[in-house]
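Undergrad: Sharing a sequence plus its predicted fold:
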Amino acid sequence: MQSQTLLDAGQAPDMIPRGPGGTPLAFNLQGEPIPVREAIELADNLDRCTLFWTPITLKSGRPAIVRTLFRVFDDEASQRAVPEGHVPQLYASVLFTPAPENRFLMRLWTYGSPAEAHAGHPEAVFEFQSGRVDVDL
């Protein structure tokens, strides 16, 4: 998990983690940079980070849930210096097993805004439900 990597890399829990170019790596739901401890707590709260969710039945007949959620961490900025004007892809449509397990299965798309995530959620549901995306359970 990326949050664990931040602590392992020596990031103090009350410091705002920054990538190689100095860009913040973790954000709250309002899009503001946040300290490591707060980022870990938010990332671990699946329900709080979920914007939309739709239960589906996969082509295999197995139940799953498509969640479009807030990701907390800017993966791109953690790997390299990003150009000025970089828009963190903090939202994603992902597939999970049903509760209580809530196991992450696959990420389909990422988005740069809540509006993009809102528009993309129905498309992600269709892609997973139709079997156009190969999911191995």
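TA: Yes, it's here.
Undergrad: From here on, just use CA atoms for contacts and neighbour counts.
TA: Fine.
Undergrad: Just list what the longest helix belonging to the chain packs against, helices and strands only.
TA: Longest helix in the chain by number of residues (criterion: DSSP state H): helix 114-130. Counting contacts by 3 or more Cα pairs under 8 Å, 6 or more residues apart in numbering; DSSP states H and E, helix 114-130 packs against strand 50-57, strand 63-70, strand 91-96, strand 104-111.
Undergrad: Run a quick neighbour tally on the residue lying closest to residue 133 once chain neighbours are set aside.
TA: Closest residue to residue 133 in three dimensions, ignoring its sequence neighbours and counting by Cα to Cα, 6 or more residues apart in numbering: residue 127, at 5.9 Å. When neighbours are counted by other Cα atoms under 10 Å, residue 127 registers 14.
Undergrad: can you pull the pLDDT of residue 127?
TA: Listed pLDDT for residue 127 reads 95.
Undergrad: Let me know the distance separating it from residue 86.
TA: Look at residue 127 and residue 86: by Cα to Cα, to the nearest Å, they are 28 Å apart.
Undergrad: same deal with residue 57?
TA: According to Cα to Cα, residue 57 stands 36 Å off from residue 86.
Undergrad: same thing with residue 102?
TA: Using Cα to Cα, we find residue 102 at a distance of 31 Å from residue 86.
Undergrad: What is the neighbour count of residue 28?
TA: With other Cα under 10 Å as criterion, residue 28 counts 19.
Undergrad: typed the wrong thing, it's residue 134
TA: With neighbours defined by other Cα under 10 Å, the count for residue 134 comes to 12.
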